[in-house]
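In: Sharing a sequence plus its predicted fold:
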Amino acid sequence: MKGTVTAVVGANWGDEGKGKVTDRMGAAADAVIRFQGGNNAGHTIINEYGKFVLHMLPSGVFHEHVVNVLGPGVALNMSGLIHEYNQLMSRNVPKPQLQISDRCQVVVPYHILFDELEEERLGSRQFGSTKSGIAPFYADKYAKLGIQVADLYDQDRLSAKLNHALEAKNTLLEHLYGRSAMASDQLVEQLMQEGEIIRPFVCDTTVLMHTMLREGKSLLVEGQLGSLRDPDHGIYPYSTSSSTLAGFAAVGAGIPPYAIGRIIAVAKAYSSCVGAGPFVTELHGAEGDELRNRGGEFGAKTGRPRRTGWFDAVATRYGCMLQGATEVALSMLDVLSYLDRIPVCTAYEIDGVRTEQFPTTGLLERAVPVYEWLPGWKCDITGIETYDELPEEAKQYVRYLERQIGVPIRAVSNGPRREQYMERTE
């Protein structure tokens, strides 16, 4: 096994800027692999072709030499994928190499319907779902009701599996949600039609990945969302439904665990969050609006205003630990250039007791941030091309965050484009 695997994952709640890092690093990779999640989040990329938000496609699709893989751990929304692929073609992006695992499971229209109906039923108790069908999809996956891509090419098998799934679903539709029952015929027709469109891309991606590693290829696995949305280790139940951690890449991409030698956790120079759940450093009112607007903090998938706050060293240190981060890429440093002083949350106070540990959700909901203040640099840094040229106060801020999280910050971004990342030289 001569090849190498690098993981790019989120250190926080998601929306950290992973797409730009993956797009940038994809130029040197032979393959980019999505290993979990579906089209419930987006990676924003700005390059020579324009601005793109990828929800389903891997971030390597802008590099012609890169093999882009949707691994068996992905929630495949076929209509979303087809739309996204066609969008690239319409904007003169070179035709990407795309491979989809035949073991990947597909998001069925009833998954999206149930996601919408349940959020509506929960009302004020809802979890902030993107209504992309992700929780119902993964519920079916682990209840052995999922539809694999391979099933799309066997009509009898597909029909039988859908009828089996609909037995319980129609009871819920009629008696819990007051809706009409669904028939399988239309679903079979739609799924098989979409299956034919993606057929040229379908293969055994696990064998492909192992072959590439034996050939000494460089693989890049990209995670969706971030550590704190992990269902086992994050702010459950305000989490996603698949593991967001680099360790899961071995499962969701079909690669050996020991092959993952480099784990880059992406963190913002401040905090942002889409969706419900505890968010200790959250800002409200004019202060939060200003940070949101300066950072362009609106959800890539939903367009919802993101919740914003100051850098949370407690949460980021925990997130990097979960990821097993070997290094951190710090994004959006330029956004903080308007501040005279910059707060950093270094501890929480819970019921009068100070802690530097990230607690469980119930305690987290009662946590109050403890801040340290650093001097701002008060100048535009977006035109700076090397780390050494940054104002001393900006470098001091980076060094301080590094000490707080205990992981080397190897790269810093000072703008939205892929080339606006500076390797750290000190």
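Out: Sure, I can see it.

In: And the strands in the stretch 251-400 of the chain?
Out: Here the stretch 251-400 of the chain has its strands, by DSSP state E, counting those that start in this stretch, at 260-268, 271-273, 307-309, 311-312, 327-331, 341-350, 353-355, 367-375.

In: Just want the phi and psi numbers for Tyr49.
Out: When read as degrees, to the nearest 10, the backbone of Tyr49 gives phi -90, psi -10.

In: Of all the strands of the stretch 251-400 of the chain, which one is nearest Val69?
Out: Closest to Val69 of those is strand 260-268 (CB to CB; 15.0 Å). Heads up, the C-betas are built off the backbone N, CA and C, glycines and all.

In: Please give the centre-to-centre distance between that closest one and its chain.
Out: Relative to its chain's centre, strand 260-268 lies at 13 Å (CA atoms, centre = their mean, to the nearest Å).

In: what comes up buried for that strand?
Out: Under the neighbour-count criterion of 16 or more other CB atoms under 10 Å, strand 260-268 has Ile260, Ile263, Ile264, Ala265, Val266, Ala267, Lys268 buried.

In: helices or strands next to it in the packing?
Out: strand 4-10, helix 18-26, helix 313-323, strand 327-331 (3 or more CB pairs under 8 Å, 6 or more residues apart in numbering; DSSP states H and E).

In: switch to 6 Å and redo it
Out: Applying 3 or more CB pairs under 6 Å, 6 or more residues apart in numbering; DSSP states H and E, one finds that strand 260-268 makes contact with strand 4-10, helix 313-323, strand 327-331.

In: how about a markdown table for these, with mean pLDDT and mean neighbour count added?
Out: Output for the helices and strands packed on strand 260-268, formatted as a markdown table (pLDDT from 0 to 100; neighbours: other CB atoms under 10 Å):
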| stretch | mean pLDDT | mean neighbour count |
| --- | --- | --- |
| strand 4-10 | 95 | 26 |
| helix 313-323 | 98 | 25 |
| strand 327-331 | 96 | 25 |
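
In: Distance to Cys345 for the ones you listed - can I get that in TSV?
Out: Shown next, in TSV, are the helices and strands packed on strand 260-268 (distance: least, CB to CB, whole Å):
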stretch	distance to Cys345
strand 4-10	18
helix 313-323	6
strand 327-331	16
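
In: Counting by contacts, list what the least confident helix or strand in the chain by mean pLDDT packs against.
Out: Among the helices and strands of the chain, strand 43-47 carries the lowest confidence by mean pLDDT, DSSP states H and E, at a mean of 77. Secondary-structure packing of strand 43-47 (3+ CB pairs under 6 Å, 6+ apart): helix 18-26, strand 50-54.

In: tilt between it and strand 4-10?
Out: Using axes from the mean of the first three to the mean of the last three CA atoms, to 10 degrees, the inter-axis angle of strand 43-47 relative to strand 4-10 is 110 degrees.

In: so which of the strands of the stretch 251-400 of the chain comes closest to His210?
Out: strand 260-268 (13.8 Å).

In: related to what we said a few turns ago, the least confident helix or strand of the chain pairs with which strands, and in what direction?
Out: strand 50-54 (antiparallel) (DSSP bridges).

In: Met89: what's it in contact with?
Out: By CB atoms under 6 Å, 6 or more residues apart in numbering, the contact list for Met89 is empty.

In: you'd agree it is in a helix?
Out: Yes: counting by DSSP: H, G, I helix; E, B strand; the rest coil, one finds Met89 located in a helix.

In: Quick one: closest of the helices and strands packed on strand 43-47 to Ile409.
Out: helix 18-26 (12.8 Å).

In: what's the closest one packed up against?
Out: Helices and strands touching helix 18-26, as assessed by 3+ CB pairs under 6 Å, 6+ apart, comprise strand 4-10, strand 43-47.

In: Which of those strands sits closest to Glu419?
Out: Comparing the helices and strands packed on helix 18-26 by their distance to Glu419 (CB to CB), the top pick is strand 43-47, with 9.0 Å.

In: Spatially central residue for this protein, please.
Out: The centroid of the chain falls nearest to Gln224 when counting by CA atoms, centre = their mean (2.0 Å).

In: Hmm, Gly37 and that residue touching each other?
Out: Yes: at 3.5 Å, Gln224 counts as touching Gly37 under the criterion of CB atoms under 6 Å.

In: returning to what we had before: between the helices and strands packed on helix 18-26, which one is closest to Asn92.
Out: Proximity to Asn92, assessed across the helices and strands packed on helix 18-26 by CB to CB, is greatest for strand 43-47 (12.2 Å).
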